[in-house]
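# A structural model of the following input is requested.
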Amino acid sequence: MNSQKTWIICCFFNFLIACFFGLLMRFMYLFPLDFLNYSFLLHAHSHVAMLGWVYMIVYFLIVLFFIPKEKSQKPIYNRLFWLTEFSVIGMMIAFPIQGYALFSIIFSTLHILLSYVFCRLVWKDCSKDKSPSQRLLRTSILFMILSTCGVWCLGPAVSTLGKQSAFYQIAIQFFLHFQFNGWFILAILVLFLKQFQGKIDALKFKKFYFLIVIYVLLTFAFPVRWFIENDVLSYINIFGVLLQLGAFIYFYKMLKPQINHFKSTLDKTTKIVYGLALFSLFLKVGIQLLTIFPNLAEVSHQIRNFVIGFIHLTTLGIITGFLFGIMLQNKILSGDSPILKIGVKCFILGYIFTEILLFLQGGLLLFGKGTIAFYYQSILVFSILLVLGLVLMMISIINKKQEPISI
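Predicted structure coming up:
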């Protein structure tokens with residue numbers, strides 16, 4: 001089994017475990033398990049999903065698409081991958097048992113330190129051309145490094161002001177905001193951009209690049225507003241979300257000349273997955289535009305269903321949707337495999353129905369209309385579809401005769 005295949009299986013294994021933790025949490029709403037701590041399981045679910053699935057698969061795809069072959073085959077990349085996976089396995093075990101405590105902190109800190117090594121390697125080894133994709137890649141890496149400043153602030157925040165302080169909460173939001181909106185989203189967009197073979201309009205890219213970077217910086221004001229009462233923060237966020245809208249308009253204009261040719265190269269499954277990812281991105285932009293209205297901005301983080309729905313929209317819809325699309329397009333996942341097609345459909349149905357339930361229930365809570373009948377049972381059943389989809393996809397990957405992927 002070549003290293004590419006083992007890396008892919010490892011990433012999907014992490015994703016499956018993260019989804020299983022999520023399923024277990026939904027199970028616990030109906031059937032409490034005394035030997036499991038819900039809060040600890042939540043930490044395990046979020047860390048393994050972010051750092052075990054998204055980070056690791058992005059690691060693989062960046063090495064595949066951006067590092068010249070002679071450099072990507074250096075032992076350092078393989079060793080670093082497995083050291084990082086060791087830290088993920090550590091979190092997978094430690095968080096459900098002890099939550100945020102000695103061993104989980106050691107493993108999550110190790111992951112951050114190893115990510116710095118990865119950033120250094122990519123910065124040094126990726127080609128030195130000044131193409132739009134290279135520029136965007138470097139920016140996403142800078143945002144990843146920036147996000148970790150929030151983690152380093154947690155210790156001082158706890159020791160000086162405590163876990164309930166605004167400083168502590170803002171430090172957590174700093175990490176999450178720049179991880180998701182800076183590092184992950186930009187890395188996904190740069191990998192998607194890499195799939196377009198034609199020349200990118202330099203002027204449109206410059207406008208897109210400027211707007212997206214400023215948007216990421218300004219919209220950090222939104223979570224800060226939850227802990228600091230200041231109307232100026234609301235205005236900064238409003239400006240930021242408007243810039244995001246402008247950024248994606250230029251992103252579309254930039255790719256428009258190549259879209260028809262691009263679509264003609266895709267099979268049906270890949271088109272469906274990319275369509276889901278783009279629709280989810282459209283929804284994210286729309287939802288963030290709604291935060292322009294003060295009342296909606298206020299309830300957006302107070303109703304838990306909205307928070308979970310938005311996080312899943314970003315991680316499962318946009319990030320995972322684009323990742324699946326890129327892997328299908330490049331035959332990393334076999335679009336011809338009947339098992340994989342069923343797995344993808346199960347995953348998509350699980351994602352769509354759980355999102356509908358989360359936002360619908362959030363809307364009912366917003367208007368004081370109570371709970372959907374059989375809400376917890378329904379969301380548990382549809383969550384099983386997510387796990388089943390991933391199991392089928394893993395079976396397809398294991399069965400696939402994987403040849404080294406040439407880009």
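# burial count for Gly370?
10 (other Cβ atoms under 10 Å). Bear in mind the C-beta positions are built from the backbone N, C-alpha and C, glycine included.
# that one in helix, strand or coil?
Put simply, Gly370 is coil when judged by DSSP: H, G, I helix; E, B strand; the rest coil.
# can you pull out the helices in the stretch 1-150 of the chain?
Assigned by DSSP state H, counting those that start in this stretch, the stretch 1-150 of the chain shows helices spanning 3-30, 38-47, 55-66, 69-72, 75-98, 102-125, 132-152.
# most centrally placed residue in the protein?
Thr315 (3.8 Å; Cα atoms, centre = their mean).
# who's in contact with that residue?
Residues in contact with Thr315, defined by Cβ atoms under 8 Å, 6 or more residues apart in numbering, are 49-50, 54, 180.
# for the longest helix anywhere in the chain, name the packing helices and strands.
Identified as the longest helix of the chain according to DSSP state H is helix 231-264. Applying 3 or more Cβ pairs under 8 Å, 6 or more residues apart in numbering; DSSP states H and E, we find helix 231-264 packed against helix 202-218, helix 221-225, helix 268-290, helix 294-299.
# what residue ranges in the stretch 151-300 of the chain score low on pLDDT?
Filtered on pLDDT under 70, the stretch 151-300 of the chain yields no residues whatsoever.
# among the helices and strands packed on helix 231-264, which comes closest to Trp7?
Among these, helix 268-290 comes nearest to Trp7, with 20.3 Å by Cβ to Cβ.
# go through the closest one and flag the buried ones.
269-270, 272-274, 276-278, 280-281, 283-284, 287-288 (16 or more other Cβ atoms under 10 Å).
# what does that helix contact?
219, 241-242, 244-245, 248, 263, 266, 296-297, 300, 310, 313-314, 317-318, 321-322, 324-325, 328-329, 335, 340-341, 344, 348, 351.
# with stretch 185-196 instead?
58, 61-62, 65-66, 132-133, 136-137, 139-140, 143, 200, 212, 216, 251, 255, 258, 262, 314, 318-319, 322-323, 325-326, 329-330.
# buried subset of the residues you listed?
Listed as buried from those are 58, 61-62, 65-66, 132-133, 136-137, 139-140, 143, 200, 212, 216, 251, 255, 262, 314, 318-319, 322-323, 325-326, 329-330; burial here means 16+ other Cβ under 10 Å.
# hmm, back to that, could I get the helices and strands packed on helix 231-264 as JSON lines with distance to Thr160?
Converted to JSON lines, these look like this (distance: least, Cβ to Cβ, whole Å):
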{"stretch": "helix 202-218", "distance to Thr160": "26"}
{"stretch": "helix 221-225", "distance to Thr160": "19"}
{"stretch": "helix 268-290", "distance to Thr160": "33"}
{"stretch": "helix 294-299", "distance to Thr160": "29"}
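# of all these, which lies closest to Ile89?
Proximity to Ile89 (Cβ to Cβ) singles out helix 268-290 among the helices and strands packed on helix 231-264, at 28.2 Å.
# now that closest one against helix 202-218, angle please.
Here the directions of helix 268-290 and helix 202-218 differ by 50 degrees (axes from the mean of the first three to the mean of the last three Cα atoms, to 10 degrees).
# which pLDDT value belongs to the closest residue to Gly99 other than its chain neighbours?
Of all residues not flanking Gly99 in the chain, Phe40 sits nearest, at 4.1 Å (Cβ to Cβ, 6 or more residues apart in numbering). Predicted confidence (pLDDT) for Phe40: 94.
# separation between Lys5 and Leu24?
Look at Lys5 and Leu24: by Cβ to Cβ, to the nearest Å, they are 28 Å apart.
# ignore what I typed, I meant Leu176.
22 Å.
# again with Gly309
Per Cβ to Cβ, Gly309 is found 19 Å from Leu24.
# ok, the two, which is more surrounded?
Gly309 (21 against 17).
# buried ones in the helix or strand hosting that one?
Element membership of Gly309, judged by DSSP states H and E, is helix 304-312. Neighbour counts over helix 304-312 (16+ other Cβ under 10 Å) mark 305-306, 308-312 as buried.
# for those residues, which one is nearest Leu386?
Of those, the one sitting nearest to Leu386 (Cβ to Cβ) turns out to be His312, at 9.7 Å.
# hmm, that closest one is touching Phe353, no?
No - counting by Cβ atoms under 8 Å, His312 does not reach Phe353; the two are 11.6 Å apart.
# ok, and the closest non-adjacent residue to Ser300?
In space, Ser300 is closest to Phe306, 5.7 Å off (Cβ to Cβ, 6+ apart).
# oh, I was asking about Leu161
Spatial nearest neighbour of Leu161, chain neighbours left out: Phe167 (5.2 Å); criterion: Cβ to Cβ, 6+ apart.
# need the next SSE after the helix or strand encompassing that neighbour, C-terminal direction.
Per DSSP H and E: Phe167 is located in helix 166-177. Going down the chain from helix 166-177, the next helix or strand is helix 185-193, by DSSP H and E.
# CA atoms only for that next one, dumped as CSV, please.
C-alpha atoms of helix 185-193 as CSV (Å, rounded to 0.1, in the frame of the first residue of the first chain):
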residue,chain,number,x,y,z
ILE,A,185,-11.6,28.5,3.9
LEU,A,186,-8.6,30.1,2.0
ALA,A,187,-6.8,26.7,1.8
ILE,A,188,-10.0,25.1,0.3
LEU,A,189,-10.4,28.0,-2.2
VAL,A,190,-6.8,27.8,-3.2
LEU,A,191,-7.1,24.0,-3.8
PHE,A,192,-10.2,24.6,-5.8
LEU,A,193,-8.5,27.4,-7.8
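# picking up where we left off before, other residues contacting the helix holding Gly309?
Contacts of helix 304-312 (Cβ under 8 Å, 6+ apart): 284, 287, 299-301, 351, 354-355, 358-359, 361-362, 365.
# most widely separated two among those?
Farthest pair in the contacts of helix 304-312, by Cβ to Cβ: Val299 and Tyr351, 23.7 Å.
# who's more crowded, these two?
A count of neighbours by other Cβ under 10 Å puts Tyr351 above the other of Val299 and Tyr351, at 24 against 12.
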